[in-house]
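Novice: Task: produce atomic coordinates for the following.
(chains A and B)
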Amino acid sequence: MAFHICSSHSSLFHNRQSFPSSFSSSSSSLHNFLFSNVASSCKRLMLHSKASLHHPKTHAPHQDAVSRDPDANSSSLSKTRVWVNPSSPRAKHFRTKSSSSRYSYLTRLVESLNSSAPPTAQHASTILKGLEDNVSERDAVFILDKIVNSVTAAFVLRYFLDKIKPAGDTELVLYNVTLKAFRKSRDFEGAEKLFDEMIQRGVKPDNITFSTLINSARMCALPNKAVEWFEKVRSFGCEPDAMVYSAMVSAYAQTNNVDMALSLYDRAKAEKWSLDASTFSSLIKMHGVSGNYDEGLRIFQEMKVLGVKPNVVTYNTLLGGLFRSKRSWQAKNIYKEMVTDGVSPDFITYSTLLRIYAGAQYSDDAFGIYEEMKGHGMDMSVDLYNRLLAMCADVGCIDEAVEIFEDMKSSGTCQPNRLSFSSLITVYSCNGKVSEAEGILNEMIQFGFQPTIYVLTSLVQCYGKAKRTDDVVKIFKQLVDLDIVPDVQFCCCLLNVMTQTPIEELGKIIECIEKANTQLGSVVRYLVEEKKGDGDFRKEISELLNSVDVKVKKPLCNCLIDLCISLNVPNRARDLLDLGLTLEIYKNLQSRSQNQWSLHLKKLSIGAAMTALNVWINDLSKALESGEDLPPLLGVNTGQGKHKYVSDKGLVSVCESHLRKLNAPFHEAPDKAGWFLVTRDAAISWLESSSSTESISDLNFQVSGGSTVAFQSG
DNA sequence: GTAGGGTTAG
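Specialist: Purely as a prediction, here's the structure:
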């Protein structure tokens, strides 16, 4: 026996002559239908097929890609024929080639079936006729498996059932693989109908049928249907297997049915079914979305103990849980473990890490991830760029922000939006870079974006730092012209500007504040004019603080205290701090345990922090005077002070210099960042000596030494 | 590349 081989590569495409007569003669619209599909098939094949590159002439658009099966008959029109001895090594080569041409033929046939969703019955049947009578169960399965539309699949199934007349298992296989097409096109109702048809024809469903149905229900967001089908499995004489349980664990996890998911999971463990990484990921995510990261981590540990190797999705799910629960500090370890484990990060890994790091202001880590993404040629989204830029504004990274902004503009994949411009303006403004901020503002307007209240707030801050009071007023007028209602943050910014403004120009800012918020204007007048009458003052401030949103109570209180310090009315600052404590705007500033008394200054403005520090030292003196025993250690926690918004100096350094000024023997803790500590003995001798020379409660703790411009940061 | 399997961020 010998193989009859076409030596030319024309098996990819056939001459017009071999077009079945039913095509060319009768239906011209069908003709067009096929031709339009062929054109796109040609394009694809020209990219991938060596044969097509070597024989460009075979791609004339008149030729049809799926008209006829190359193996269906032997009347090949190819010019050259070669006889090959079947036992020679060449025969094997040609046999492979022949089966590969059959494969590409079937693939193109499926492409045609999929290219119109759904084709009419006539279209589909015409396409399938190309198979002629040479159709095996294998081919039928191959084709059905790749069909994406349920209507097409139903038609093709019917065609094959007629053609092949399968029995028993073959029929079941064809139905099962058709169900997959229903899953792909999310046609659950159709899948149920197909199941009924199957039963009517006397085909007995198996676990594959049920797991396909259960997963379909899940993917169609019909969890109740998944449960319903799960409960039906046994009534069809089927004992659910690991796959069916696995599908159900995921179905329960996905719908947050924690109890059921876990009970099936426990059962899987008890019965030693192997669940795979995907099912574990579903369980981990389930815990993550219900805010139970630790439980997710427990499942992750268990998974490893059970010998299931975590994959990139598993790690991404864990990182997603960390992002949701804001446990940024744990992300680095998970990422480290992932790398050690040899699992390659993908885009989701990087973007999740970037969000975590940027949000937590781990700037070096965030920049590192950004560089890695660039190194891998990954496209950054606008959101990711913006998160980086926002972080730069928060931590004061000017150069990096500019570089990122330039990268963004030249990325070709996305353009800066309102938020990007706003962040960059904030970066410049926080650092008092007036001309740069103005430049970006102009660019923003050229891009077609009106300045927002965020931008205007930043510009107020910028001009304030530069002591350009008239420009601050100009920005306020712009805000009014744009019909933007000034919010509390904007007012806070004006208060902040006041602390940096020469006394003779304060009136200009106060006028703006009065227009923006009458109540606040009156409080500010009160402070500036040093009115007497405590009762009224407390009442007025309480009303003001109670009138604003809970999110801005603390910033407002902070700004007002800073203003008191700069106006050199420290008693008013103490009143405000006291009021803030009463209204629970400030909580747990002081704490006492057996071994240590502490002062917590995190999230306080510099003025508020220094006021709280003085109050605390005063309290320590009183405790000492009244004969109370001090603990072995006293500590002040300033936090790490990544926020450069407040002052270029930052709370840490201001606190340090203030303590030095007081001669207080606190020392920065070498192993505990953000803490200043002192031992009992050192504290006692200092408190005793300073109370003899000066009353601590009266100390002027302005850090910059100016008469009205305390805590200036420029 | 020939009947089951998806799962991950905002």
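Novice: Identify the residues contacting A:Leu388.
Specialist: A:Leu354, A:Ala358, A:Ala366, A:Phe367, A:Tyr370, A:Ala401, A:Ile404 (CB atoms under 8 Å, 6 or more residues apart in numbering). Placement of C-beta: from N, CA and C, glycine included.
Novice: And the helix or strand hosting it, how far out from the chain middle?
Specialist: Under the criterion of DSSP states H and E, A:Leu388 resides in helix A:382-395. Here helix A:382-395 is found 13 Å from its chain centre; the criterion is CA atoms, centre = their mean, to the nearest Å.
Novice: what does stretch A:289-309 give?
Specialist: Distance of stretch A:289-309 from its chain centroid, counting by CA atoms, centre = their mean, is 21 Å.
Novice: Now that stretch: buried residues?
Specialist: Residues of stretch A:289-309 classed as buried by neighbour count (16 or more other CB atoms under 10 Å): A:Tyr293, A:Glu295, A:Gly296, A:Leu297, A:Ile299, A:Phe300, A:Met303, A:Val308.
Novice: Next: stretch A:310-320.
Specialist: For stretch A:310-320, by 16+ other CB under 10 Å, it's A:Pro310, A:Asn311, A:Val312, A:Val313, A:Thr314, A:Tyr315, A:Asn316, A:Thr317, A:Leu318, A:Leu319, A:Gly320.
Novice: Show me the shaky parts of the stretch 251-400 of chain A.
Specialist: Applying pLDDT under 70 to the stretch 251-400 of chain A picks out no residues at all.
Novice: now the buried residues of stretch A:289-309 in TSV, with secondary structure and distance to DNA strand B?
Specialist: Formatted as TSV, the buried residues of stretch A:289-309 follow (DSSP: H, G, I helix; E, B strand; the rest coil; distance: CB to the nearest atom of the strand, whole Å):
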residue	secondary structure	distance to DNA strand B
A:Tyr293	helix	12
A:Glu295	helix	16
A:Gly296	helix	11
A:Leu297	helix	15
A:Ile299	helix	13
A:Phe300	helix	13
A:Met303	helix	11
A:Val308	coil	11
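Novice: now, which of those residues sits nearest A:Ala277?
Specialist: Closest approach to A:Ala277 among these (CB to CB): A:Val308, at 5.8 Å.
Novice: Using the three-state scheme, assign A:Leu634.
Specialist: Of the three states, A:Leu634 takes strand under DSSP: H, G, I helix; E, B strand; the rest coil.
Novice: so what's the residue nearest to A:Cys392 when sequence neighbours are not counted up against?
Specialist: The shortest distance from A:Cys392 to any residue other than its chain neighbours is 3.6 Å, reached at A:Ala401 (CB to CB, 6 or more residues apart in numbering). By CB under 8 Å, 6+ apart, the contact list for A:Ala401 reads A:Leu388, A:Leu389, A:Cys392, A:Ala393, A:Ser423, A:Leu424, A:Val427.
Novice: Give the buried residues for stretch A:572-585.
Specialist: For stretch A:572-585, burial by neighbour count (16+ other CB under 10 Å) applies to A:Arg572, A:Ala573, A:Arg574, A:Asp575, A:Leu576, A:Leu577, A:Leu579, A:Gly580, A:Leu581, A:Ile585.
Novice: hmm, back to that, report the two of the buried residues of stretch A:289-309 separated the most.
Specialist: The farthest-apart pair in the buried residues of stretch A:289-309, when distances are taken by CB to CB, is A:Tyr293 and A:Val308, at 19.7 Å.
Novice: Can you tell me the closest non-neighbouring residue to the residue in the stretch 401-550 of chain A that DNA strand B sits nearest to?
Specialist: Nearest residue of the stretch 401-550 of chain A to DNA strand B, counting by CB to the nearest atom of the strand: A:Cys414, 11.1 Å away. Residue nearest to A:Cys414 in three dimensions, not counting chain neighbours: A:Val382, with 4.6 Å by CB to CB, 6+ apart.
Novice: contacting residues around stretch A:320-335?
Specialist: By CB under 8 Å, 6+ apart, stretch A:320-335 touches A:284-285, A:287-289, A:291, A:293, A:296, A:315, A:318-319, A:345, A:349, A:352-353, A:355-357, A:359-360, A:362, A:365.
Novice: The most centrally placed residue in chain A and DNA strand B, how far apart?
Specialist: By CA atoms, centre = their mean, chain A has its centre lying nearest to A:Thr352, at 5.1 Å. Going from A:Thr352 to DNA strand B by CB to the nearest atom of the strand, to the nearest Å gives 5 Å.
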